[in-house]
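In: With the sequence up front, the predicted model follows.
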Amino acid sequence: MFGISRLLVTIWTMGMVIADVRFYSNSMAQDVQGKPISPLFKLERNELDQTSQRTLPKEIVAVLGSNRGRHANCVKCVALSPDERYLASGSRSDSVRVWDPHTMFELRSFPHPDDVDLVWFSKDSRFLHTTCWDGWLRTYDLESKSVEPIAFHVDDSQFVARHFNEGSRVWVTNTVIHGGRLPQLVELEWLDRQWKKTGRVRIGFAHLNPGTESIAVSADGRWLATRNYLRVKNADPETPKRRIAIWDLLNKEVKPSREIEFEGTGVEIMQFDSTAKNLLYADSNQGVGVISLDNNSEQQLRLSEKYQARCICLTPDEKQLLVGDYGGKIHSWNWNNGSPEFISSTEAHDDWVSEVTFNKNQSRMYSAGWDHVIHAWDRVDGHWKRNELLGHHHSVTAVAISSDGGWMATGSSTKMGMGKVSNDVFLWRVEGSHPKLSRILSGCVQNIMGLAFSRDGSYLAAAHDLGIQVWDLSSNDEGKLIQRTFQDEDRKKTLWGQSVAFLGHSHRIISGWNEGMVALHEVDSIPPRELDACKVPFHYVENLAVSQSGKRAYASSIPIDIVGDSLRLESSPELTSGEKRNKNSQPDRVGNFDVYRPTLPSFIRVAIRDDAMVIVGADKKNGITIVSLSGDKTTKVVIANAHDTRIEAVVVNHEGLIASGDWDGIVRVRSLDTPNEIRNQWQLGRVWCMALAPDQQHIAIGTGTGLTYLLRLGE
């Protein structure tokens, strides 16, 4: 069926053995008709962990990556229940998720419409409380199967909150003031399964900036701290006086009992110690400050290298102070009753560390980060050992399957917050009953938007933010980088690689870039040789679909023929049934490039059936259009509102089954025969990309949780 290509993967870490990597093998199992059977059919669902078997759709036969502690967006907060049965976390524009803190498998998920800034539990661990940027404080009953809140407190603006008295009381304050309203601090109490105002209110302070968490409450509920930026007469108007206000809540006066000037510039979060004699604050520019409330003195916890503090946490016994920073590190100090002594720094996350918490006996630590992950740490021989997660931490934005089904490649996005810019492609071996991570390919940066194997399995190409990376899989180097530049009115800039595909059995690739560029390269020359290039009239060429023969490509809604070493406009099909295709369409000439105009509807995602006679496209209005070509005639079927949210991926197999996935994580299957009927549907978490396996029966689905699901259509 296909040629044989063998490659030896050299030793890539100390202790690794040389593996015989075979993309094609004549010894593959064969069915009764003598056709090779894809290794994907050997995958067994019972190899999944028990939680995945119980919760995932029955059609999922494999998961690439560890299904533990992953959100589809940045994790902003985390909390452990008093009985240590639940771990809760909240994220940006996503949800609140509840985990088993021992296994880190997901137990529940509660959707939220906006950023979740705070989660905590009731004393008996039955109720989960959350605050969200939409101005709602919600409470969920964990013994109920409903995902709807049983109680809530509603404000008409964003607010921040801090709880105390074992979570039964909370102070909230507006961060956005409407209609001349004065800023207010309001105390609420969880009583009789609802939130009630206690009557305690504080006013008269400068309001907080939106999105900050600058409130602290002592454990006994007596002391409250807020950050005030006060303007000083005759001072620089751009430099407000920076003060922290301390409120004695036993005093009925509405004004703070005292205000303390502090050295920092941007308070992220504050916390009292258990004695309420020290107030700690995380400064986004200068580290951590510790203020003694006995004498108003302040000390800065500095390191040899500058760090930007994002969160602070005292261990339950208050013997250690942990500080998470914007670079993904956790720094630890011996607390010494307010006289900290530095211990060490640990690489914890690929992005901001947003919160750290502990179990009661301090044998386990949990850290949440903007890399979408919650890590569990165990105390081993006096040191913290992280339970490593297999796979990507960020959204899987690209996936590819080799032509024999024996290999899969996955790539992710890392361009979130202030995280690292380097990125890796993971190469998975599909053999036996479950895929295994075999090799990590470096050389990409930030967003990996497309992946493709050559038909003979000897090359892998990735489109990323510096261009197109091409690896010769028989070697162990970092691959060859193809870059393109574009001269605009101001400067020459390096373009971003957006999509890539190999053409037929050749070692040629067609690639899509920003600035509307499409290029044709020969990759087995040194360096890779550009053969032709053209432009399309939209900025990002994020989607390329190529026919099996490699002679026809679609750059979203624009069909292009590959003729020899050239990219040529395909004879554009008319979209009205019965009309002949225009044989004389010509591209416009702009500068040095041909510019091809759309001849199909304005697709943002497109797929081609292997015979190139059916094109399926998704548009910006969440609709799907099916274009069928037969001779000189073209017919189309439009499915309006095929999904409720933006369609991120679409594939079509030779049997006419169409699979599409959307922003909300809904995957739907339709048939060409009955396109308006949904034949099957699954919920997997936000879908970023899809790849149809050559066996036409398996689909790899990359999701926002950093996991890739392998779904069998025939199940």
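Out: Okay, I see it.
In: From here on, just use CA atoms for contacts and neighbour counts.
Out: Will do.
In: who's in contact with the residue nearest in space to the middle of the chain?
Out: Residue closest to the mean C-alpha point of the chain, counted by Cα atoms, centre = their mean, is S395 at 3.5 Å. S395 is in contact with A72, S412, S413, T414, W688, G702, T703, G704, T705, G706, L707, counting by Cα atoms under 8 Å, 6 or more residues apart in numbering.
In: same thing but 10 Å
Out: 70-73, 371-372, 411-414, 447, 686-689, 702-708 (Cα atoms under 10 Å, 6 or more residues apart in numbering).
In: any idea how far S52 is from the residue lying closest to it once chain neighbours are set aside?
Out: Leaving aside its sequence neighbours, S395 sits nearest to G704 (Cα to Cα, 6 or more residues apart in numbering; 4.0 Å). G704 is 17 Å from S52, where distance means Cα to Cα, to the nearest Å.
In: The two: which is more packed in?
Out: For G704 versus S52, the count of surrounding residues by other Cα atoms under 10 Å is larger for G704: 27 against 19.
In: just checking, the more buried one touches E648?
Out: No. Taking contacts as Cα atoms under 10 Å, G704 lies outside contact range of E648: 11.4 Å.
In: Can you work out which residues contact both of the two?
Out: Common neighbours of G704 and E648 (Cα under 10 Å, 6+ apart) are T397, W663, D664, G665, R686, V687, W688, C689.
In: in which helix or strand would I find the last one?
Out: Here C689 is covered by strand 687-692, with elements defined by DSSP states H and E.
In: Report the angle between the helix or strand following that strand and strand 687-692.
Out: Of the helices and strands lying after strand 687-692 in sequence (DSSP H and E), the nearest is strand 698-703. With axes from the mean of the first three to the mean of the last three Cα atoms, to 10 degrees defining the directions, strand 698-703 sits at 160 degrees from strand 687-692.
In: which residues touch the following helix or strand past strand 698-703?
Out: Downstream of strand 698-703, the next assigned helix or strand under DSSP H and E is strand 708-712. Identification of contacts with strand 708-712 by Cα under 10 Å, 6+ apart yields 40-41, 43, 56-67, 391-392, 395-399, 410, 435, 684, 687-693, 696-703.
In: Strand 708-712 pairs with which strands, and in what direction?
Out: Paired neighbours of strand 708-712 in the sheet (DSSP bridges): strand 60-64 (antiparallel), strand 698-703 (antiparallel).
In: what phi and what psi does the backbone show at D155?
Out: phi -120, psi 160 (degrees, to the nearest 10).
In: Spatially, and excluding backbone neighbours, which residue is closest to it.
Out: Counting by Cα to Cα, 6+ apart, the residue nearest D155 is G135, at 4.8 Å.
In: From D115, how far out is that neighbour?
Out: Taken as Cα to Cα, the span from G135 to D115 is 10 Å.
In: So those two - more neighbours on which side?
Out: D115 (22 against 19).
In: all helices for the stretch 1-150 of the chain, in order.
Out: Per DSSP state H, counting those that start in this stretch, the stretch 1-150 of the chain carries helices over the ranges 50-55.
In: Any regions of it where pLDDT drops low?
Out: Low-confidence segments of the stretch 1-150 of the chain (pLDDT under 70): 1-36.
In: Now with 80, please.
Out: Low-confidence segments of the stretch 1-150 of the chain (pLDDT under 80): 1-36, 67, 93-94.
In: re the thing from before, helices or strands next to the strand holding C689 in the packing?
Out: Using 3 or more Cα pairs under 10 Å, 6 or more residues apart in numbering; DSSP states H and E, the elements in contact with strand 687-692 are strand 396-401, strand 450-453, strand 647-652, strand 657-662, strand 698-703, strand 708-712.
In: In CSV: the ones you listed, plus mean neighbour count, distance to S146 and mean pLDDT.
Out: Converted to CSV, the helices and strands packed on strand 687-692 look like this (neighbours: other Cα atoms under 10 Å; distance: least, Cα to Cα, whole Å; pLDDT from 0 to 100):
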stretch, mean neighbour count, distance to S146, mean pLDDT
strand 396-401, 28, 30, 96
strand 450-453, 27, 39, 97
strand 647-652, 26, 28, 96
strand 657-662, 25, 24, 96
strand 698-703, 26, 25, 96
strand 708-712, 23, 26, 96
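In: Nearest to S81, out of these?
Out: Shortest separation from S81 across the helices and strands packed on strand 687-692 is recorded for strand 698-703, at 28.4 Å, computed as Cα to Cα.
In: For R222, the count of nearby residues, please.
Out: The number of residues near R222, taken as other Cα under 10 Å, comes to 15.
In: what's the spacing between it and E261?
Out: 21 Å.
In: still on that earlier bit, can you name the residues that contact the residue nearest to S395?
Out: 70-73, 372, 393-397, 412-413, 663-665, 684-689.
In: And for V119?
Out: Neighbouring residues of V119 by Cα under 10 Å, 6+ apart: 76-80, 87-90, 96, 128-132, 137-139, 161-163.
In: Okay, and the beta partners of L711?
Out: I60, I699.
In: how much space between it and L473?
Out: L711 is 26 Å from L473, by Cα to Cα.
In: Tell me where the stretch 301-450 of the chain has strands.
Out: Ranges of strands within the stretch 301-450 of the chain are 309-314, 320-325, 329-334, 341-347, 353-358, 364-369, 374-380, 383-386, 396-401, 407-412, 422-429, 436-445, 450-453, based on DSSP state E, counting those that start in this stretch.
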